[in-house]
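Participant: the following comprises the amino acid sequence and a computationally predicted model.
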Number of protein chains: 2
Amino acid sequence: MAFTFQSKHDHGSCIKSALANAEQICADHNQRFTKIRRLVLELIWQSHKPLGAYELLPAIKQAGFNSAPPTVYRALEFLQEQGLVHRISSLNAFIGCSHPGHQGSSCFLICDQCQLAVEVESPVLASAIGDLSAEMGFVIEREHLEIVGKCRHCCSSKTKEVANKSPNIPCG
Amino acid sequence: MAFTFQSKHDHGSCIKSALANAEQICADHNQRFTKIRRLVLELIWQSHKPLGAYELLPAIKQAGFNSAPPTVYRALEFLQEQGLVHRISSLNAFIGCSHPGHQGSSCFLICDQCQLAVEVESPVLASAIGDLSAEMGFVIEREHLEIVGKCRHCCSSKTKEVANKSPNIPCG
DNA sequence: GATATAAAGTTATAATATAACAATTATTAC
DNA sequence: GTAATAATTGTTATATTATAACTTTATATC
Ligand SMILES: [Zn+2]
Ligand SMILES: [Zn+2]
Ligand SMILES: [Zn+2]
Ligand SMILES: [Zn+2]
């Protein structure tokens, strides 16, 4: 089941399936899913909170890899090319793709309180954007659709919640 | 008429009306439309190409103002607060708002060839996003909707066109 | 005109991202 | 299996974007 801001879920299986998907996708694309690429994807999947590139460096160092910025940016670039990771431009941060292999648009709902983000795919939204572009004679190459606000959970609770970075995290 | 990627238009009147609108809006909000704020808005409106903050600094210096980064960032922040300028996160760049005073979402179509950007407002798109968020129990605070591709003009012409930065520029 | 407030000047630095080249590792061709 | 090739990673340096902190100047209020 897709993550929808729920607090409790088996996030271990989120990570596990993300890595399994990645393995398959890289194989299909004839691309090498190297240790550092796997590690970066695993780190990105530690939570449903978009993480900055520099936030990953300590763990990369910890794991014994070179932890200069190019290391993580290269891995992130590769993962984006394979459709395994998305960059959230409004946050300068990266998040694992929830539906790897998806075509076209996906839209992120980003909670500015708990900092969790959910990737949604909406046919209605996609067709609205398609129509809009067609009207203008515009040919779409990529989209950055980021909606910032308060998630269901943070709306109903008065207490300020902050996304946990530990392995078991709200997800769905 | 709103800019729709047409090559020829009276861009001088784009600038003029943007400045007149700004003057009115600042007055309505009881905010000071100072010289530096006016200058930055005017510079932003030199074209329909989103411009980086640092691209504005030389002209600010030229005009005799302090040209350290905080100068331009403060002006841009003010202009964003007044709804006169938008930041395009995927480009780290800023563009004048085409419909100052508009409520809620607007969406940018950004040509990666000529580099021009058009701000569009679509009720269908807005309602798709509203529905999507409502379904998730998500309360929207702001949106970053950026669609990158090729504009009508660049699709039909084989030659690479680059946005002109001079005062008279494609607009609409 | 004195006081408070807002804006702009100034210096320094933080945060994010990439260029360029060397070393290593994996793949391919023989 | 070894040499040649290509891909990946290591390493150093630097570019780009943005903000913090404090000072000075201008504006508004009394
Ligand atoms: Zn995705
Ligand atoms: Zn999860
Ligand atoms: Zn606008
Ligand atoms: Zn174009």
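Facilitator: Sure, I can see it. It should be emphasised that the depicted structure is a prediction, and the values quoted were computed from it without experimental measurement. Ligands and ions are numbered 1, 2, ... in the order given.
Participant: which parts of the biggest strand by length in chain A are buried?
Facilitator: Taking DSSP state E as the criterion, chain A has its longest strand at strand A:139-150. Counting neighbours by 16 or more other Cβ atoms under 10 Å in any protein chain shown, one finds that the buried residues in strand A:139-150 are A:Ile140, A:Glu143, A:His144, A:Leu145, A:Glu146, A:Ile147, A:Val148, A:Gly149, A:Lys150. (Glycine included, C-beta is placed from N, CA and C.)
Participant: can that strand be said to contact chain B?
Facilitator: Yes: Strand A:139-150 is in contact with chain B by Cβ under 8 Å from any Cβ of the partner chain, via A:Val139, A:Ile140, A:Glu141, A:Arg142, A:Glu143, A:His144, A:Leu145, A:Glu146, A:Ile147, A:Val148, A:Gly149, A:Lys150.
Participant: quick one on the thing from earlier: dump the buried residues of strand A:139-150 into TSV; add pLDDT as well.
Facilitator: Conversion of the buried residues of strand A:139-150 to TSV gives the following (pLDDT from 0 to 100):
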residue	pLDDT
A:Ile140	96
A:Glu143	96
A:His144	97
A:Leu145	98
A:Glu146	98
A:Ile147	98
A:Val148	97
A:Gly149	97
A:Lys150	96
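Participant: from these, pick the one nearest B:Glu81.
Facilitator: Minimum distance to B:Glu81 across the buried residues of strand A:139-150 is 16.1 Å, recorded for A:Val148 (Cβ to Cβ).
Participant: contacts only, for the residue lying closest to A:Arg142 once chain neighbours are set aside.
Facilitator: Closest residue to A:Arg142 in three dimensions, ignoring its sequence neighbours and counting by Cβ to Cβ, 6 or more residues apart in numbering or on different chains: B:Val148, at 5.1 Å. Taking Cβ atoms under 8 Å, 6 or more residues apart in numbering or on different chains, we find B:Val148 in contact with A:Ile140, A:Glu141, A:Arg142, A:Glu143, A:His144, B:Ser90, B:Ile110, B:Asp112.
Participant: pull the most distant pair out of the residues you listed.
Facilitator: A:Ile140 and B:Ser90 (13.4 Å).
Participant: around whichever residue of chain A sits closest to DNA strand D, how many other residues sit close by?
Facilitator: For chain A, the residue positioned closest to DNA strand D under Cβ to the nearest atom of the strand is A:Thr34, at a distance of 2.9 Å. Residues near A:Thr34, counting by other Cβ atoms under 10 Å in any protein chain shown, number 12.
Participant: for the helix or strand of chain A with the lowest mean pLDDT, output the C-alpha coordinates as PDB.
Facilitator: Among the helical and strand segments of chain A, the one scoring lowest on mean pLDDT, DSSP states H and E is helix A:152-156, with a mean of 90. Output of helix A:152-156 as PDB, limited to C-alpha atoms (Å, rounded to 0.1, in the frame of the first residue of the first chain):
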ATOM      1  CA  ARG A 152      -4.000  15.100   7.700                       C
ATOM      2  CA  HIS A 153      -2.100  14.000  10.800                       C
ATOM      3  CA  CYS A 154      -0.500  17.400  11.500                       C
ATOM      4  CA  CYS A 155      -3.800  19.200  10.800                       C
ATOM      5  CA  SER A 156      -5.600  17.200  13.500                       C
END
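Participant: does chain B sit close to that helix?
Facilitator: Yes: using Cβ under 8 Å from any Cβ, helix A:152-156 reaches chain B at A:Arg152, A:Cys155.
Participant: rewinding a little: distance of the residue of chain A closest to DNA strand D from A:Gly83?
Facilitator: Here the distance between A:Thr34 and A:Gly83 works out to 17 Å (Cβ to Cβ, to the nearest Å).
Participant: ditto for A:Asp10
Facilitator: When A:Asp10 is compared with A:Gly83 (using Cβ to Cβ), they lie 24 Å apart.
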